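> this one's structure only:
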């Protein structure tokens, strides 16, 4: 299955939007303009307020009328629900993009003072992570009910940041806070994004690696993003290091919501006329150079529209709930695709991938090229390609991923900066053949045709021959309209006949008949009928008989079908030819030698005059394949063959 990575067909067309649920009474109360002092519906304990809202000031342009409240995240107008467990000051980093988009309904598990500096945050619904209460019982009851409600409400849970203590408590299954209680009872069909926040020494500690490994193994619905790290600065301070996960965070939020838009909070990326900028982006994690993979990919995609010939996809199509999406990917049973697009599916990792997948490293420093192509952005891929030894071929798996996901951006870099890798890698240098015969990918062919660094006339007939064998009519049509000379051999029709590709046979016949006089496309029939009989493809034989095209080797069909044990071919051929069917005594010799008793029985019941000699049958029995000699010998004995005869009888022609 070829996946066009540049046009993002998988993630954009399928989506991951969870089903909408009805508003809770508290949410409707907030939406109607009421100030809710406590949360009776969830039995909030005394001493704190579960939900607080503020009335906007009246007057001024765009302000709400008196007695009404404008709530940025009204459930009646939003479609995507995000629950964010955070703390200050990190919330400033990630809340901006979420508050900016009108199609995201956001609720917070945090302190109320987070609204400082975030426009729109004053109207959000807040939940304390550890509510104050005089009675532990009432606090426990409130956390259980609130956790169940929020887990049911949210499409995506973002826990950012997670310190070392919370990470350890989470792995142990503790429920000492609202966030931990939600994590313990989360719906595994929905995504959780986790951003660790630790000191550098904590992050490098072996226990952290073990905990992260356990999450990857037993909590596969959790996406662990690059950590927020801090280092010691003498004499008595910690300095927070630059966070490398900003772009990955935006990408994972978008994928978790199942929405093909760019949740991009980086400065300079917001459209002044529309703060929720809808873009055509790829499902790849972040780069470490400060430039998002989205920006890189958009620029390259825009520059290569003519080369690839792929129009922009419609990003406003319907989306599917994550439960259904998981079922689809599990039915597809393709680990590479589900891993590349970030869809949770219970698909075992292929054995040949185990040596390429990192065990516990979140950084890109030690990732293999193969895993980087599968999961990371173009910048990280090109870094590894740039450091590759000269003329060292890429692995077959790396070339396979480039072709499977239509990574023409990687091919662009290789041809422009590392052309030695292209020519030293057999699978890349044979791109026309593999794109035509293996992947059926016209996007790769279009790139190859328009690549100025490659000689487009240098291709072998194997490309069209292989496409015919695989049944890729759309690839044959691309070659026909490409303006390149069509190079093919007799194997095109022969292999199509042997594989029963009737649609390919129809295509070749139509193109040949419609070709102009000064540019003919002759049909190279070869031994097509014979190979169809050998493979037992009755559909191909019926097509050739009905086509009206002249073909050779029709007299050998019965003999070949008998030798290979294809009774349906014999029945069809007899039905088409009747008494004019051509055969000789070799039909019995071949069937005897290969142990096809059912063929011998068919000839006996056919009513046709089939001649044989005892000497030929005895030689065939002596040459019979292992295990078949006794079976066919008993059949011949039941049908009157006597091997203990004289020389004259041994050479005499007999009739079955």
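Sure, I can see it. Just so you know, these numbers come straight off a predicted model, no measurement behind them.

> Beyond the lowest-mean-pLDDT helix or strand in the chain, next helix or strand please.
Of all helical and strand segments in the chain, the minimum by mean pLDDT, DSSP states H and E falls on helix 25-31, at a mean of 35. Using DSSP states H and E, the helix or strand that follows helix 25-31 in sequence is strand 80-85.

> Sheet-wise, list the partners of that following strand with their directions.
In the sheet, strand 80-85 lines up against strand 104-109 (parallel), strand 156-162 (parallel) (DSSP bridges).

> need these in JSON lines with mean pLDDT and distance to residue 386, can you?
(Each C-beta comes from the backbone N, C-alpha and C, glycine too.) Output for those, formatted as JSON lines (pLDDT from 0 to 100; distance: least, C-beta to C-beta, whole Å):
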{"stretch": "strand 104-109", "mean pLDDT": "88", "distance to residue 386": "38"}
{"stretch": "strand 156-162", "mean pLDDT": "90", "distance to residue 386": "32"}
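
> Just put these in CSV and tack on mean neighbour count and distance to residue 594.
Converted to CSV, these look like this (neighbours: other C-beta atoms under 10 Å; distance: least, C-beta to C-beta, whole Å):
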stretch, mean neighbour count, distance to residue 594
strand 104-109, 24, 68
strand 156-162, 24, 62
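
> So for residue 173, which of those strands sits nearest?
With C-beta to C-beta as the measure, strand 156-162 is the member of these nearest residue 173 (15.1 Å).

> what does the closest one rub up against?
Strand 156-162 is contacted from outside by 80-87, 90, 94, 151, 166, 170, 179, 182-183, 186, 190-197, 225, 228, 249, 253, 256-257, using C-beta atoms under 8 Å, 6 or more residues apart in numbering.

> Among those, name the buried ones.
Neighbour-count burial (16 or more other C-beta atoms under 10 Å) is assigned, among the contacts of strand 156-162, to 80-86, 90, 94, 151, 166, 170, 179, 182-183, 186, 190-197, 225, 228, 249, 253, 256-257.

> ok now do the closest residue to residue 358 other than its chain neighbours, which residues does it touch?
The spatially closest residue to residue 358, leaving aside those adjacent along the chain, is residue 367, at 5.8 Å (C-beta to C-beta, 6 or more residues apart in numbering). Under the criterion of C-beta under 8 Å, 6+ apart, the contact list for residue 367 reads 358, 361, 376, 380, 384.

> Of those residues, grab the buried ones for ChimeraX.
Only the buried entries of these go into this ChimeraX selection, using 16+ other C-beta under 10 Å:
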select :376,380,384
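
> Present the contacts of residue 367 as TSV; the columns should include pLDDT, secondary structure and distance to residue 643.
Listed next are the contacts of residue 367 as TSV, based on pLDDT from 0 to 100; DSSP: H, G, I helix; E, B strand; the rest coil; distance: C-beta to C-beta, whole Å:
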residue	pLDDT	secondary structure	distance to residue 643
358	84	coil	69
361	49	coil	73
376	90	coil	72
380	92	helix	74
384	94	helix	71
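
> Among the contacts of residue 367, which one sits closest to residue 232?
Out of the contacts of residue 367, the member with the shortest distance to residue 232 (by C-beta to C-beta) is residue 361, at 22.8 Å.

> Can you list the strands that the strand or helix carrying residue 232 pairs with?
Element membership for residue 232 (DSSP H and E) is strand 228-233. Strand pairing for strand 228-233, using DSSP bridges, gives strand 191-199 (parallel), strand 237-240 (antiparallel).

> Assign a three-state SS to residue 392, would you?
coil (DSSP: H, G, I helix; E, B strand; the rest coil).

> Return the distance of it relative to residue 373.
16 Å (C-beta to C-beta, to the nearest Å).

> quick one, which of those two is more surrounded?
residue 373 (29 against 11; other C-beta atoms under 10 Å).

> Give me the nearest residue to the more buried one, chain neighbours excluded.
residue 401 (4.6 Å).

> Contact partners for that neighbour?
Residue 401 touches 336, 370, 373-374, 407, counting by C-beta under 8 Å, 6+ apart.

> Spatially central residue for this protein, please.
Closest to where the C-alpha atoms of the chain average out (C-alpha atoms, centre = their mean) is residue 337, at 2.3 Å.

> mind checking which helix or strand that one is in?
Assigned by DSSP H and E, residue 337 falls in helix 335-341.

> likewise residue 568?
With DSSP H and E as criterion, residue 568 is part of helix 567-577.

> how far out from the middle of the chain is that helix?
43 Å (C-alpha atoms, centre = their mean, to the nearest Å).

> Could you pull out the buried residues of it?
Within helix 567-577, the residues scored as buried using 16+ other C-beta under 10 Å are 567, 569-570, 572-574, 576.

> cool, stretch 224-244 as well?
Per 16+ other C-beta under 10 Å, stretch 224-244 contains these buried residues: 224-230, 243-244.

> And those, which two are furthest apart?
Greatest spacing in these, by C-beta to C-beta: 224 and 230 (18.1 Å).

> And for residue 250, the neighbour number?
24.

> secondary structure element for it?
Per DSSP H and E: helix 246-257 holds residue 250.

> by contact count, what packs against that helix?
strand 80-85, helix 90-100, strand 156-162, strand 191-199, helix 293-303 (3 or more C-beta pairs under 8 Å, 6 or more residues apart in numbering; DSSP states H and E).

> Comparing those by mean pLDDT, which bottoms out?
Here the lowest mean pLDDT among the helices and strands packed on helix 246-257 goes to helix 293-303, at a mean of 38.

> shouldn't residue 504 be in contact with residue 471?
Yes - the criterion here is C-beta atoms under 8 Å, and residue 504 meets it with residue 471 at 5.7 Å.

> Give me the common contacts of those two.
residue 496.

> higher neighbour count, these two?
Higher neighbour count among residue 504 and residue 471: residue 504, with 24 against 19, using other C-beta under 10 Å.

> now that one: how far from residue 521?
14 Å.

> Between those two, which contacts overlap?
When contacts are counted by C-beta under 8 Å, 6+ apart, residue 504 and residue 521 have no shared neighbour.

> Tell me the one of the buried residues of stretch 224-244 nearest residue 536?
residue 224 (52.3 Å).

> how close does residue 571 get to residue 353?
Distance from residue 571 to residue 353, by C-beta to C-beta: 46 Å.

> count of residues packed around the nearest residue to residue 394 once chain neighbours are set aside?
The spatially closest residue to residue 394, leaving aside those adjacent along the chain, is residue 425, at 4.6 Å (C-beta to C-beta, 6+ apart). When neighbours are counted by other C-beta under 10 Å, residue 425 registers 21.

> I figured residue 425 hits residue 388, correct?
No - with contact defined as C-beta under 8 Å, residue 425 does not reach residue 388; the gap is 10.5 Å.

> where do the contact lists of the two overlap?
With C-beta under 8 Å, 6+ apart, residue 425 and residue 388 have common neighbours residue 394.
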